[in-house]
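Chemist: Quick one, what's the 3D model for this:
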Amino acid sequence: MRAGSRMAALALGLLQAATAGGAAAQTPAGPARAERPPQAQCEAVRDIDFEAMARERARLPVATGRPVVDMLDVVRIPDWAARRPPADAPVVIRARMPPGGGYGSDHRSVVWREADGSWWFWRHSVNEGSPLPPPVPPQGLSADEARAWSAEQGAGRTDEERWWPPKEGRLSAAKAAEMEAAWSDPCRAWDPDWWPRDLPLNRRIDGSRRRLCPQDSSGIVADMAEAGGSPRRVGGACINGTPTYRMIQIAAYAAADESR
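Modeler: A predicted model of the protein is given here:
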């Protein structure tokens, strides 16, 4: 796909994410909406005017096509990966932070929690740094043997997976603790599916009733499946402190402890 077409698809995908679903708070499998604390007790959303947000969202043009689905279609764990989410995983997150905000890298991740409480990840960062050169065959091989060896090294892998090898493993202890805290945070029940670039506030802050994303922001599009349920599309146009966004941001930057 050409760069212009790709960016147009990303823009339409973000618009489709913004218009998908209702503007009301989510009803996740964890904290039920009826049990959510008062809005004033949830720091990340206490200043948000959700009624104005719903009105503005209802006025958005309806985006057509499949860009959001296509954006997440590339977020997949390949067959050769060492581990993948089990059927009984309590939560599975697919996240993608596509190029944007002046950055050309494309981060694609899957993070999940297993029944024993451990958190695992698979992450593929495309266009992050220079591509790796092809592996060099061992010395002493004939030309035919070298070609066969090289073909075996790349078997089942796409060019992107060969040039920028994915990483996988157990999520770092610090990030697993952050993920666990966000997942169990009762304020998560306030989180809408999508955080727009321009937020209405319920009071004037620094002279304005609006909060804008910085111009160099990178959006994250994701879906989250809990307790075996259907995936729910979530995301935001820029960083915010809500529990749901913290989870997908951790997923987008997933990494293991350096000692592993």
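
Chemist: in stretch 106-122, what's buried?
Modeler: Of the residues in stretch 106-122, 106-114, 119-122 count as buried by neighbour count, 16 or more other CB atoms under 10 Å. For the C-beta atoms, the positions are set from N, CA and C on the backbone; glycine is no exception.

Chemist: Widest-spaced pair of the residues you listed?
Modeler: The distance between the two most remote of these (CB to CB) is 26.9 Å, for Asp106 and Glu114.

Chemist: what is the mean pLDDT for stretch 197-210?
Modeler: If you average the pLDDT over stretch 197-210, you get 93.

Chemist: got a list of contacts for that stretch?
Modeler: With CB atoms under 8 Å, 6 or more residues apart in numbering as the test, stretch 197-210 has contacts from 47-49, 52-53, 56, 211-213, 217, 237-238.

Chemist: CA-only coordinates of it in PDB, if you can.
Modeler: Taking Å, rounded to 0.1, in the frame of the first residue of the first chain, the C-alpha atoms of stretch 197-210 are listed here in PDB:
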ATOM      1  CA  ARG A 197      -8.300  14.300  20.300                       C
ATOM      2  CA  ASP A 198     -10.400  17.200  21.600                       C
ATOM      3  CA  LEU A 199     -12.100  16.600  25.000                       C
ATOM      4  CA  PRO A 200     -14.800  18.700  26.500                       C
ATOM      5  CA  LEU A 201     -14.300  19.500  30.200                       C
ATOM      6  CA  ASN A 202     -16.900  20.000  32.900                       C
ATOM      7  CA  ARG A 203     -15.000  23.000  34.300                       C
ATOM      8  CA  ARG A 204     -12.600  25.700  33.100                       C
ATOM      9  CA  ILE A 205      -9.000  24.600  33.400                       C
ATOM     10  CA  ASP A 206      -6.200  27.100  32.400                       C
ATOM     11  CA  GLY A 207      -8.800  29.300  30.900                       C
ATOM     12  CA  SER A 208     -10.400  26.600  28.600                       C
ATOM     13  CA  ARG A 209     -13.200  24.100  28.700                       C
ATOM     14  CA  ARG A 210     -11.300  21.900  26.100                       C
END
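
Chemist: so how far is that stretch off the chain centroid?
Modeler: Its chain's C-alpha centre and that of stretch 197-210 lie 26 Å apart, by CA atoms, centre = their mean, to the nearest Å.

Chemist: Any buried residues in that stretch, and which?
Modeler: By neighbour count on 16+ other CB under 10 Å, the buried set for stretch 197-210 is 197, 199-202.

Chemist: From the residues you listed, pick the one nearest Gly100.
Modeler: Out of these, the member with the shortest distance to Gly100 (by CB to CB) is Arg197, at 11.4 Å.

Chemist: related to what we said a few turns ago, which ones among the contacts of stretch 197-210 are found in helices?
Modeler: Mapping those onto helices (DSSP state H) picks out 52-53, 56.

Chemist: Let me know the closest of the residues you listed to Ile248.
Modeler: So of the ones in helices among the contacts of stretch 197-210, ranked by how close each gets to Ile248 (CB to CB), first place is Met53, at 18.9 Å.

Chemist: Which residues are in contact with that closest one?
Modeler: Met53 neighbours (CB under 8 Å, 6+ apart): 23, 192, 196, 199-200.

Chemist: low-confidence ranges in the stretch 51-200 of the chain?
Modeler: Applying pLDDT under 70 to the stretch 51-200 of the chain flags residues 62-69, 101-102.

Chemist: for the most centrally placed residue in the chain, helix, strand, or coil?
Modeler: Of all residues in the chain, the one closest to the mean position by CA atoms, centre = their mean is Ala95, 2.2 Å from it. What DSSP: H, G, I helix; E, B strand; the rest coil gives for Ala95 is strand.

Chemist: my guess is it contacts Val111, does it?
Modeler: Yes: using CB atoms under 8 Å, Ala95 is in contact with Val111, at 7.3 Å.

Chemist: before we move on, back to that, can you tell me which of the buried residues of stretch 106-122 end up in strands?
Modeler: 106-113, 119-122 (DSSP state E).
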